[in-house]
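Participant: what would the 3D arrangement of this be:
(one chain, ligands or ions: 2)
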Amino acid sequence: MKITIIGTGYVGLVTGACLAELGNDVFCLDVDQKKIDLLNNGGIPIHEPGLEEVVARNRAAGRIQFSTDVAASVAHGEVQFIAVGTPPDEDGSADLQYVLAAARNIGKHMTGFKVIVDKSTVPVGTADRVSAALREELAARAGDPAASFSVVSNPEFLKEGAAVEDFMRPDRIVIGHDNSAEGEKAAAKMKKLYAPFNRNHERTFWMDVRSAEFTKYAANAMLATRISFMNEMANLADQVGADIEAVRHGIGSDPRIGHSFLYAGAGYGGSCFPKDVQALERTARQYSQDLLILRAVEAVNDKQKLVLGQKVVQRFGADLSGKHFAVWGLAFKPNTDDMREAPSRVLLRQLLDAGATVAVYDPVAMAEAKRVLALDLTPSELARVRFAASPKDALTDAEALVIVTEWKAFRSPDFDQIKAALKQAVIFDGRNLFEPAVMAEAAFEYHGIGRSILTRT
Ligand SMILES: NC(=O)c1ccc[n+]([C@@H]2O[C@H](COP(=O)([O-])OP(=O)(O)OC[C@H]3O[C@@H](n4cnc5c(N)ncnc54)[C@H](O)[C@@H]3O)[C@@H](O)[C@H]2O)c1
Ligand SMILES: O=c1ccn([C@@H]2O[C@H](COP(=O)(O)OP(=O)(O)O[C@H]3O[C@H](CO)[C@@H](O)[C@H](O)[C@H]3O)[C@@H](O)[C@H]2O)c(=O)[nH]1
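Facilitator: Residues are numbered from 1 along each chain as shown. Ligands and ions are numbered 1, 2, ... in the order given. Take a look at the predicted model:
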């Protein structure tokens, strides 16, 4: 099938590459000329395991092309995926300017019948706005009088760091369409496009457009709720002298609760949970409804991002001037270089505000961290951050090690080496990577999240 993908970010590039892998003829459009040049020169703008190989293979086979040519992109695809960003507006609602600009571009150039797919995460009712924008553009020009379209909602559920795998083996495919003749025609095309992922369509959930749009937000809101719930339980566990890891196993074994997504830590980050929770709250407010649970989820998460830094201050004092710390992990989660809403940024702000100097290391996010921290910090603050060449290099002369991201490479470190490099054998572990009993045996002072019972003894 001839497919156009508008926006070549995390979602667009992965969607385009994976659909090309299945034999489709894919045209990827972006407004960012640098990104398109990089892709045309064989580069990949993001770190995503397996993506580079899929893109290279399909580029070589002529099944995927990258361009900024809007007219050519509209002419190419019978199915046009809109996968542009929907960042938070000032009031927390999803900013739809990029989605609507993409829709208008389609309306300006289209001929014949097009399936327009909202792949971006967009508030309930957006498909209607996309349809209206398209209709306006069609009415404003002397084009093909037979031009027609149907807007379908097909939200994306991939996780960064596992995006290719998630896209190729989806838990579910949600497709919302209307039941007009065009809507049914669009649904038939979507069915054909997704057939290779689930031959009997056992994983496809067909629904109306608004329910599909809502499903995406409800899924992220539920996942964010689990995390904030566990973080709140962890903080209480610290107070009452319980171990949140034991509690996690204890409750996760109930199939109604399940083991996944129950890890207490340094708070959730990334480009989705923070903005999608806010956007859903904002949608509710438009209908005079106050989503009390989600407000709490957000407030707990904001507080949780401070917990690691507070533990450091509790241990080393409010004035950290003259003190130096090692930080392992900067990306908001492992296997990505994405720094959007990363808890590490909050921790660095706390340590620097208290007067400390830091040495930071991340296996893949160093370049992105340099870019982002140059925006977060003043030049004099940035001068107190050293970008280390290795985990070991970061440790030199530090009072303590603070772990923010659970990269695999941090899971089995050489503890003797850590002890030798640090001024004091103290570890603050924002992801509960190690067993407190093992750490105690190795004579480390170990501060996890929600595990104080084991550090007090
Ligand atoms: N990142 C994720 O893990 C993820 C997962 C599921 C859903 N989503 C949702 O998917 C959407 C895209 O997210 P992302 O992380 O891929 O964003 P991104 O910022 O990585 O990429 C968006 C791309 O769209 C391009 N763009 C903007 N306007 C354009 C236009 N008019 N025409 C062509 N290109 C245009 C930008 O230049 C950019 O390259 C968002 O709504 C997001 O919430 C993201
Ligand atoms: O038990 C857990 C699981 C995750 N996290 C944190 O939660 C954040 C988000 O993690 P994850 O969901 O793995 O990454 P994302 O790439 O942000 O993916 C989420 O957001 C995407 C964009 O909407 C959705 O498509 C995915 O289904 C959804 O998992 C990260 O900071 C994690 O550290 C925890 O603190 N504890």
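
Participant: contacts for the host helix or strand of Ile3, please.
Facilitator: Remark: Ile3 resides in strand 2-6, with elements defined by DSSP states H and E. In this structure, residues lying in contact with strand 2-6 by Cβ atoms under 8 Å, 6 or more residues apart in numbering are 12-13, 15-16, 19, 24-30, 73-74, 76-84, 102, 105-106, 119, 193. The way it works is simple: take the backbone N, C-alpha and C, and place the C-beta from them, glycine included.

Participant: and if we set it to 6 Å?
Facilitator: 12, 15-16, 19, 24-29, 73, 76-83, 102 (Cβ atoms under 6 Å, 6 or more residues apart in numbering).

Participant: could I have the buried ones of these as PyMOL selection syntax?
Facilitator: In PyMOL, this line selects whichever of the contacts of strand 2-6 come out buried by 16 or more other Cβ atoms under 10 Å:
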select buried, resi 12+15+16+19+24+25+26+27+28+29+73+76+77+79+80+81+82+83+102
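
Participant: narrow the contacts of strand 2-6 to those in strands?
Facilitator: Asp25, Val26, Phe27, Cys28, Leu29, Val79, Gln80, Phe81, Ile82 (DSSP state E).

Participant: show me the contacts for whichever residue of the stretch 1-150 of the chain sits closest to ligand 2.
Facilitator: When scored by Cβ to the nearest ligand atom, the stretch 1-150 of the chain has Thr121 as its residue closest to ligand 2, at 5.6 Å. Going by Cβ under 6 Å, 6+ apart, Thr121 touches Thr86, Lys216.

Participant: how near is it to Leu96?
Facilitator: 11 Å (Cβ to Cβ, to the nearest Å).

Participant: same question for Pro274.
Facilitator: For Pro274, the distance to Leu96 - Cβ to Cβ - is 18 Å.

Participant: can you list contacts of stretch 329-342?
Facilitator: Contacts for stretch 329-342 (Cβ under 6 Å, 6+ apart): 47, 49, 160-161, 269-271, 274, 344, 360, 362, 364-365, 368-369, 372, 403-407.

Participant: from these, which are also near ligand 2?
Facilitator: Glu160, Gly269, Gly270 (Cβ under 6 Å from any ligand atom).

Participant: looking at these, which are in helices?
Facilitator: Using DSSP state H, no member of those sits in helices.

Participant: pLDDT added to those residues, as JSON lines?
Facilitator: JSON lines is the format used below for these (pLDDT from 0 to 100):
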{"residue": "Glu160", "pLDDT": "95"}
{"residue": "Gly269", "pLDDT": "98"}
{"residue": "Gly270", "pLDDT": "97"}
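
Participant: which of the residues you listed fall in strands?
Facilitator: Among those, no member lies in strands (by DSSP E).

Participant: turn these into a markdown table, columns for distance to Arg384 and neighbour count.
Facilitator: Shown next, in a markdown table, are these (distance: Cβ to Cβ, whole Å; neighbours: other Cβ atoms under 10 Å):
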| residue | distance to Arg384 | neighbour count |
| --- | --- | --- |
| Glu160 | 29 | 25 |
| Gly269 | 22 | 25 |
| Gly270 | 26 | 20 |
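
Participant: just give me the closest of those to ligand 1.
Facilitator: Once Cβ to the nearest ligand atom is applied, the member of those that ends up nearest ligand 1 is Glu160, at 4.5 Å.

Participant: number of residues surrounding the closest residue to that closest one other than its chain neighbours?
Facilitator: In space, Glu160 comes closest to Thr336 once its chain neighbours are excluded; the distance is 4.4 Å by Cβ to Cβ, 6 or more residues apart in numbering. Here the number of neighbours of Thr336 (other Cβ atoms under 10 Å) works out to 26.

Participant: Asp353 now?
Facilitator: Asp353, neighbours per other Cβ under 10 Å, totals 12.

Participant: how about Leu306?
Facilitator: When neighbours are defined as other Cβ under 10 Å, Leu306 has 17 of them.

Participant: now the helix or strand harbouring it: buried residues?
Facilitator: Leu306 belongs to helix 292-316 when assigned by DSSP H and E. For helix 292-316, a neighbour-count test (16+ other Cβ under 10 Å) marks 294, 297-298, 300-301, 304-309, 311-313, 316 as buried.

Participant: which residues touch it?
Facilitator: Against helix 292-316 from outside (Cβ under 6 Å, 6+ apart): 221, 224-225, 228, 231-232, 266-268, 277, 281, 323, 343, 346-347, 350, 428, 430, 447.

Participant: what pLDDT does Arg456 get?
Facilitator: Arg456 is assigned a predicted lDDT (pLDDT) of 43.
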